[in-house]
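Peer 1: Just the structure for this:
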Amino acid sequence: MDPQDDLEYKRNVRSMSFVLAAIVITIFAAIFISPYLNPSHYAFQRTVSVESPYGFELALDLNSTSLSGNGRIAITAWINNTSAQIENITSANSWGLDRNSLWTRLCTPGWPLGFGIMQGHYTSENYTEGRLFDVPRPAFACPYSPLPDYFLLAPHASRALASTNGTAESWDLRVELIVSCCNLGPLSAGVYTVVAADEWGDVVLTNFQVS
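Peer 2: Presented below is the predicted three-dimensional model:
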């Protein structure tokens, strides 16, 4: 090999080594260092829903996915009949979360849905590992009322007739709450998860960020 060609070859090998080393360092920095300098930004959804096999959807809505520690966030969960006909849904007790740990309609036994809040970023894969905030309880005892036997869901609506021992009562199947310093205390910075559940085992969730 010509000495000049050999020298050029060695230069090319050396340059390629530097390029490969730079690529390895860049990948290492992106994996191990970048999260500390530029924490991951989650893209949270304000409105989410899940289809139930019973012909309705369980929906959850936040008026914001970002707030300050002393801010306020409005949370709404509801059941919506997605069909064009009346759905007759038999009552069940297959909650995906502890019903006693959920915000639901006060003094209305048999209310079929509610939601809870937990600190941390949870998904549908691991939400059962989170701890729901305690729900304030009324100081008075709610009067006894029998549980509904079934619900007649109006077409394309959250309205339903709750039938109890042959007596029907009109219910709007939604739960609403404005979360603020008055019911949870100032929230520390971080990510929180809101989980909605119904008595037929449907669960849907989303998240918000406190700065």
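
Peer 1: From here on, just use CA atoms for contacts and neighbour counts.
Peer 2: Noted.

Peer 1: Low-confidence stretches in the chain?
Peer 2: The model of the chain has pLDDT under 70 over residues 1-42, 181-183, 185.

Peer 1: So it: which segments form each domain?
Peer 2: What automatic domain parsing lists as the domains of the chain is 1-40, 47-210.

Peer 1: ok, residue 165 to residue 149 distance?
Peer 2: Distance from residue 165 to residue 149, counting by C-alpha to C-alpha, to the nearest Å: 7 Å.

Peer 1: coming back round to it: JSON lines please, covering the domains of the chain and showing mean neighbour count.
Peer 2: Shown next, in JSON lines, are the domains of the chain (neighbours: other C-alpha atoms under 10 Å):
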{"stretch": "domain 1-40", "mean neighbour count": "11"}
{"stretch": "domain 47-210", "mean neighbour count": "17"}
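
Peer 1: Provide a list of residues in contact with residue 82.
Peer 2: 55-57, 155-157 (C-alpha atoms under 8 Å, 6 or more residues apart in numbering).

Peer 1: try it again with 10 Å
Peer 2: Applying C-alpha atoms under 10 Å, 6 or more residues apart in numbering to residue 82 gives the contacts 51-52, 55-57, 153-158.

Peer 1: Out of those residues, flag the one nearest to residue 105.
Peer 2: Distance to residue 105 across these (C-alpha to C-alpha) is lowest for residue 158, with 14.6 Å.

Peer 1: I figured that closest one hits residue 86, correct?
Peer 2: No - taking contacts as C-alpha atoms under 10 Å, residue 158 lies outside contact range of residue 86: 11.3 Å.

Peer 1: Okay, and the residue nearest the centre of the chain sits in which element?
Peer 2: Nearest to the mean C-alpha position of the chain, by C-alpha atoms, centre = their mean, lies residue 205 at 1.9 Å. Following DSSP states H and E, one finds residue 205 within strand 203-210.

Peer 1: Sheet partners, orientation included, of that strand?
Peer 2: Paired neighbours of strand 203-210 in the sheet (DSSP bridges): strand 66-67 (parallel), strand 190-198 (antiparallel).

Peer 1: now those strands as CSV including distance to residue 120?
Peer 2: Output for those, formatted as CSV (distance: least, C-alpha to C-alpha, whole Å):
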stretch, distance to residue 120
strand 66-67, 14
strand 190-198, 5
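
Peer 1: Could you measure from residue 116 over to residue 157?
Peer 2: Distance from residue 116 to residue 157, by C-alpha to C-alpha: 23 Å.

Peer 1: ok, back up a step: for the contacts of residue 82, which one is nearest residue 72?
Peer 2: residue 158 (25.3 Å).

Peer 1: ok, the closest one - contacts?
Peer 2: Counting by C-alpha under 10 Å, 6+ apart, residue 158 has contacts 56-58, 78-82, 171-174.

Peer 1: and the host helix or strand of residue 118, what other elements does it pack with?
Peer 2: Following DSSP H and E, one finds residue 118 within strand 113-119. Judged by 3 or more C-alpha pairs under 10 Å, 6 or more residues apart in numbering; DSSP states H and E, strand 113-119 is in contact with strand 56-62, strand 73-81, strand 174-179, strand 190-198, strand 203-210.

Peer 1: distance between whichever helix or strand comes after it and the chain's centre?
Peer 2: Next in sequence after strand 113-119, counting helices and strands by DSSP H and E, comes strand 150-153. Between the centre of strand 150-153 and the centre of its chain there are 26 Å (C-alpha atoms, centre = their mean, to the nearest Å).
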